[in-house]
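Engineer: prediction below, plus the sequence it came from.
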Amino acid sequence: MQKLNHTSINLKRGCYLAPKYNIYDFNDFLIGVTNYKNPIETGIWHSHEKPLISFVLYGHNTEYRKGKKTERTARCINYYHAHELHKNVYHNFPSKHISLEIDTSFLTKYNYTEAEIELALKKSYDSHFTFIKLMNEAEISDLQSHDSIEMLFLAFIENSIKSKEETGFPYWMQSVRDILNDRWNENVSLKELANQVNIHPTTISKNFRQYFQCTFGEYTRKLKVNHSIDIIHSSQYSLTEIAYICGFSDQSHFTRIFKSMTGYLPKEYVKI
């Protein structure tokens, strides 16, 4: 670690302030999984040698950066430019984060700019699924992991960049999104949804993907899994109970969909 001045630290590639962390080095990019299991003094000003994406798996910290104060809770994701000074004060323990450090070689290979990656993160509705899958692939760490992680990240960037800006949503698509988000644990049919927004089901179906980069069914399943993750980390419910609370037909259905979205079985994810 190289000191920038008396009160800040520049962290070299693969180095973190967390008392416990694992790194998975894939040359063009590096994945770090940091873990704050027990209360510890935090709030050291620091920066990173490489551009870095930080995803909060669970926990809570207050970030100070560019004169602004931001509360970072579960599923919060941030992009940091190389040598960008910031500090994080942790409030909840345990807290766990997934970091992705990007080398210039990756940007050059695929002709991406940092601005494009930062924009993709801001536009994405479901970046947490990508980063949980990245962690899963990193932990598997076999001969296919490098290519799998690269493909996951590239698909995420492309899908996010192509997605429509929220301000460009037609009024009825905004209503569709709000209804689905409000009734996330119900099985709302396309026909019922169309009746509520007074738009033909075919119109919704044909246009849904260009706004959400997934099908109607995929979006509703993502909402259910999204909420199940919160419940898993904040309660003592059994997996059968969580499946019922989140509107899955049974635990088998819940397990199958959860695995497809995250790469983990629910019983494995509980232990993360």
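Structural biologist: Received it, and whenever you're ready, just let me know what you need. Numbering: from 1, shown residues only.
Engineer: give me the pLDDT value at L119.
Structural biologist: Here, the pLDDT recorded for L119 equals 89.
Engineer: and it, what is it in contact with?
Structural biologist: By C-beta atoms under 8 Å, 6 or more residues apart in numbering, L119 lies in contact with 160-161. Every C-beta, even on glycine, is put in place using the N, C-alpha and C of the backbone.
Engineer: which parts of the helix or strand hosting it are buried?
Structural biologist: Using DSSP states H and E, L119 falls within helix 114-123. Neighbour-count burial for helix 114-123, with 16 or more other C-beta atoms under 10 Å as criterion, is recorded at 117-118, 120-121, 123.
Engineer: ditto for stretch 37-47
Structural biologist: Judged by neighbour count using 16+ other C-beta under 10 Å, the buried positions of stretch 37-47 are 42, 46-47.
Engineer: so, low pLDDT: which residues of the protein?
Structural biologist: 1-6, 166-167 (pLDDT under 70).
Engineer: which residue, other than its chain neighbours, is closest to the residue most central in space within it?
Structural biologist: For the chain, the residue nearest the mean C-alpha position is H128 (1.8 Å; C-alpha atoms, centre = their mean). Nearest non-adjacent residue to H128, counting by C-beta to C-beta, 6 or more residues apart in numbering: R75, 4.5 Å away.
Engineer: quick one: that neighbour and D126 touch, right?
Structural biologist: No. Using C-beta atoms under 8 Å as the test, R75 is too far from D126 to be in contact (9.3 Å).
Engineer: these two: which has the busier surroundings?
Structural biologist: Using other C-beta atoms under 10 Å as the criterion, R75 and D126 rank with D126 on top: 21 against 18.
Engineer: list the contacts of that one.
Structural biologist: Per C-beta under 8 Å, 6+ apart, neighbours of D126: 222, 226.
Engineer: go again with 7 Å.
Structural biologist: Neighbouring residues of D126 by C-beta atoms under 7 Å, 6 or more residues apart in numbering: K222.
Engineer: repeat for the one 10 residues further on
Structural biologist: Contacts here follow C-beta under 7 Å, 6+ apart; on that basis N136 touches 262-264.
Engineer: would you confirm that it belongs to a strand?
Structural biologist: No. Assigned with DSSP: H, G, I helix; E, B strand; the rest coil, N136 falls outside any strand and is helix.
Engineer: how near is it to K109?
Structural biologist: Applying C-beta to C-beta, to the nearest Å, the value for N136 to K109 is 24 Å.
Engineer: for V56, same thing?
Structural biologist: From V56 to K109 the distance is 28 Å (C-beta to C-beta).
Engineer: the two - which one has more neighbours?
Structural biologist: V56 (20 against 11).
Engineer: which non-adjacent residue is nearest the more buried one?
Structural biologist: In space, and not counting its chain neighbours, V56 is closest to C76: 4.5 Å by C-beta to C-beta, 6+ apart.
Engineer: which phi and psi does that neighbour have?
Structural biologist: phi -70, psi 140 (degrees, to the nearest 10).
Engineer: now for it, how many residues are close by?
Structural biologist: Residue neighbour count, defined by other C-beta under 10 Å, stands at 19 for C76.
Engineer: correct me if wrong: it contacts S54.
Structural biologist: No. Between C76 and S54 there is no contact under C-beta atoms under 7 Å: 8.4 Å.
Engineer: helices along the protein, start to end?
Structural biologist: Counting by DSSP state H, the segments of the chain that form helices are 104-110, 114-123, 127-140, 145-162, 171-182, 190-197, 201-212, 216-234, 239-245, 251-262, 266-269.
Engineer: can you add distance to Y36 and give the ones you listed back as TSV?
Structural biologist: Output for these, formatted as TSV (distance: least, C-beta to C-beta, whole Å):
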stretch	distance to Y36
helix 104-110	28
helix 114-123	23
helix 127-140	16
helix 145-162	24
helix 171-182	30
helix 190-197	41
helix 201-212	33
helix 216-234	14
helix 239-245	25
helix 251-262	22
helix 266-269	19
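Engineer: tell me which of those helices sits most buried.
Structural biologist: helix 127-140 (a mean of 21; mean count of other C-beta atoms under 10 Å).
Engineer: okay, angle between that one and helix 145-162 too, please.
Structural biologist: Angle, helix 127-140 to helix 145-162, by axes from the mean of the first three to the mean of the last three C-alpha atoms, to 10 degrees: 170 degrees.
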